[in-house]
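In: Based on what follows, work out the 3D shape:
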Amino acid sequence: MKRYVTASVKIDEDLKNMLGDLKIKTGKVMRDALVREVKLAMAEKLQKEADNIKSVFNKLSTKRVVDDIREERRER
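Out: Coordinates of the predicted model:
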């Protein structure tokens, strides 16, 4: 079962009144915004990790990889 916590934000009173007048559900808006931000941050983190891995693979020569694989097969 998931556990929930409360996250709150202070906003201007006029904004709060406008949200109420427009019947905007602040909880849903906040949840959606937080989920979107987490997804963006995770995507950025994964992109950085992929770039790091790519730089490592770019340093490897195809010939060296092929030779290493052949040698490994011969040892079996």
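In: Neighbours of residue 26, how many?
Out: 14 (other Cβ atoms under 10 Å). In this view, the C-beta of every residue, glycine as well, is placed from N, C-alpha and C.
In: Let me know whether it touches residue 19 as I believe.
Out: Yes - at 5.8 Å, residue 26 counts as touching residue 19 under the criterion of Cβ atoms under 8 Å.
In: Could you say which helix or strand holds residue 65?
Out: helix 62-75 (DSSP states H and E).
In: Run the chain-centre distance for that helix.
Out: Centre-to-centre, helix 62-75 and its host chain are 36 Å apart (Cα atoms, centre = their mean, to the nearest Å).
In: Could you do stretch 41-60 as well?
Out: Per Cα atoms, centre = their mean, the centroid offset for stretch 41-60 relative to its chain is 13 Å.
In: Over to stretch 62-76?
Out: Using Cα atoms, centre = their mean, the offset of stretch 62-76 from its chain centre is 36 Å.
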